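> Give me the fold of what follows.
(4 chains)
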There are 4 protein chains.
Amino acid sequence: MTSVYEFSPRYLEIDQQGVMFNGWYLTYVDEAMTHFIEARGVPFSRWQELGVDVQLAHADLDWKAGIGFGDKVQVPVRTARIGTKSFTLEFEFRRGEEVACAVSVVYVVVAADGSGSTAIPPEIAAAIE
Amino acid sequence: MTSVYEFSPRYLEIDQQGVMFNGWYLTYVDEAMTHFIEARGVPFSRWQELGVDVQLAHADLDWKAGIGFGDKVQVPVRTARIGTKSFTLEFEFRRGEEVACAVSVVYVVVAADGSGSTAIPPEIAAAIE
Amino acid sequence: MTSVYEFSPRYLEIDQQGVMFNGWYLTYVDEAMTHFIEARGVPFSRWQELGVDVQLAHADLDWKAGIGFGDKVQVPVRTARIGTKSFTLEFEFRRGEEVACAVSVVYVVVAADGSGSTAIPPEIAAAIE
Amino acid sequence: MTSVYEFSPRYLEIDQQGVMFNGWYLTYVDEAMTHFIEARGVPFSRWQELGVDVQLAHADLDWKAGIGFGDKVQVPVRTARIGTKSFTLEFEFRRGEEVACAVSVVYVVVAADGSGSTAIPPEIAAAIE
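The predicted model follows:
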């Protein structure tokens, strides 16, 4: 089951080439990830209650096309891997059938007290599976 | 020979985790790339005169640590590969000897008239080598 | 009749004081203005057909409170004044009855050909009245 | 005595009208303000030691012209008023003699413990006078 986040780029995000500037993709990935965990019943407030937070360890972006002003973009999110202390989500920036950009992000779960990486709480692992 | 771009993150770029938000890295990569081609004698105005522009095809970011407010960051840039129509640059976000994030970007050269990818002009290939 | 634009701030827009950074307000004003003219039947594509564009001449922001992560914000937009070549819109950033920030913006209508300020087309003046 | 902050807009900050998007002005005001208090010997770390922080109460922006990519911009900062709990700074976005935008900001000093507005510490008042 995938979660789909939807958006249209803001005017300010369109650059002189007439497409959404590349730096905004990870911003939308962040929005889509937040939407994804909420849809799965484990919003960030729940992660905080469980004493954990999350950090990006790796991101991989693969562009096929640009996104223009007014475009309606869907971002399906799927879980590619769940490890002991990290997990990988995959995002597609779609206009209908066309994938403008495919993104893969490795997230590391860290203790909220700053003591470093820690095991994914079973409740979260089950929710995002 | 490498070109080194330097910056300190802006207050607004620091998030609730106390580090520079991940989406700003590609923004600084863009600044560092602009600085790099200027240092090599082929600023974007020269690319325009040669009838070409550049687009990101792929970006790969690998985080080791976060960057905080007030940190002085150096971003050395080096050319990893020059192909016929694309080239790869590597960036490191450094605080002294520590590499907080390593980024690799594949750029595709496109015709400024919108007709698609095109060969890297020899003048540019020689400059960024 | 007012048009109401709604949003929740993005994670990256929250600063170290735990509130939406002040620079993002004008970004949301831009979104709310775009939403407003679309709701009134004169989207930017229509302005372009009429040969005009719009620029900010003045903005006035008055903060009463901050906006936090997760807040649901309504931004009603109303027309305060329509002149010959400029008009003024007023925006409120509201959480229910509380106004966190009140913004007033003077927009100048300019010719799309770069020749400077020009009269507001009657169709647009009637639509945003 | 004024403090002058200097910058050139980033590529991503230039919009489809070919000028720096209006939302970025307050971001540069923030940078210029940080630079100003550092130049006066009271960086934010000193404010924190004194138990105070600062919030924007009012901002007023007056545009005369746009700022383009590659423009070298100077932002002189001067203190217009120092009250008991608030002070006003004035910023100009200059290209040589031309003022592209004049900004006035009212800052309110607040207790770092969240208890609300408080008197400006004498050390800070003397420094920014």
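> What sits closest to the residue of chain A most remote from its centre if chain neighbours are left out?
Farthest-out residue of chain A from its mean C-alpha position, per Cα atoms, centre = their mean: A:Q16, at 26.1 Å. The spatially closest residue to A:Q16, leaving aside those adjacent along the chain, is D:I14, at 5.7 Å (Cβ to Cβ, 6 or more residues apart in numbering or on different chains). C-beta coordinates here come from the backbone N, C-alpha and C atoms, glycine included.
> Could you tell me how many residues sit around that neighbour?
23 (other Cβ atoms under 10 Å in any protein chain shown).
> where does A:G66 land in three-state SS?
Following DSSP: H, G, I helix; E, B strand; the rest coil, the label given to A:G66 is coil.
> Correct me if wrong: it contacts A:D15.
No - here A:G66 lies out of contact with A:D15, judged by Cβ atoms under 8 Å, at a distance of 9.4 Å.
> remind me, longest strand of chain A?
strand A:98-111 (DSSP state E).
> who does that strand touch, helix- and strand-wise?
helix A:24-39, strand A:52-63, strand A:86-95 (3 or more Cβ pairs under 8 Å, 6 or more residues apart in numbering or on different chains; DSSP states H and E).
> before we move on, the earlier item: distance-wise, check the residue nearest to A:Q16 relative to B:E38.
17 Å (Cβ to Cβ, to the nearest Å).
> Next: A:F69.
29 Å.
> Also A:E49?
49 Å.
> A:L26 now?
25 Å.
> Who has more neighbours out of these two?
Neighbour tally, A:L26 and B:E38, criterion other Cβ under 10 Å: the higher count belongs to A:L26, 25 against 14.
> Would you mind confirming that that one is in contact with B:L26?
Yes - between A:L26 and B:L26 a contact is recorded at 6.6 Å, counting by Cβ under 8 Å.
> Pop out the phi and psi values for A:V75.
Backbone torsions of A:V75, given as degrees, to the nearest 10, read phi -120, psi 90.
> ok, now the one 10 residues further on?
The phi/psi pair for A:K85 (degrees, to the nearest 10) reads phi -120, psi 0.
> Nearest residue to it in space, please, no chain neighbours.
A:S117 (4.8 Å).
> Report how many residues lie close to the one you found.
Using other Cβ under 10 Å: A:S117 sits among 15 other residues.
> near chain B, which residues of chain A show up?
Within reach of chain B by Cβ under 8 Å from any Cβ of the partner chain, chain A has these residues: A:17, A:21-27, A:30, A:53, A:55-63, A:66.
> interface residues of chain A facing chain C?
A:R10, A:Y11, A:L12, A:T27, A:D30, A:E31, A:T34.
> nearest to B:Y107, of those residues?
Relative to B:Y107, the closest of those is A:T27; by Cβ to Cβ it sits at 21.0 Å.
> Which residue comes closest to that closest one once chain neighbours are left out?
B:G23 is the one closest to A:T27 (Cβ to Cβ, 6+ apart), at 4.1 Å.
> Just the pLDDT for the one you found.
We have a pLDDT of 93 for B:G23.
> phi, psi of it?
Torsion angles, degrees, to the nearest 10, at B:G23: phi -70, psi -20.
> Surely it touches A:N22?
No - between B:G23 and A:N22 there is no contact under Cβ under 8 Å: 10.1 Å.
> quick one, what contacts A:L56?
Counting by Cβ atoms under 8 Å, 6 or more residues apart in numbering or on different chains, A:L56 touches A:V105, A:V106, A:Y107, A:V108, B:N22, B:L61, B:W63.
> please redo it, this time with the cut-off set to 10 Å
A:26, A:29-30, A:33, A:105-108, B:21-23, B:25, B:61-63, B:66, B:101 (Cβ atoms under 10 Å, 6 or more residues apart in numbering or on different chains).
> From B:R46, how far off is it?
35 Å.
> Good, we can wrap up now.
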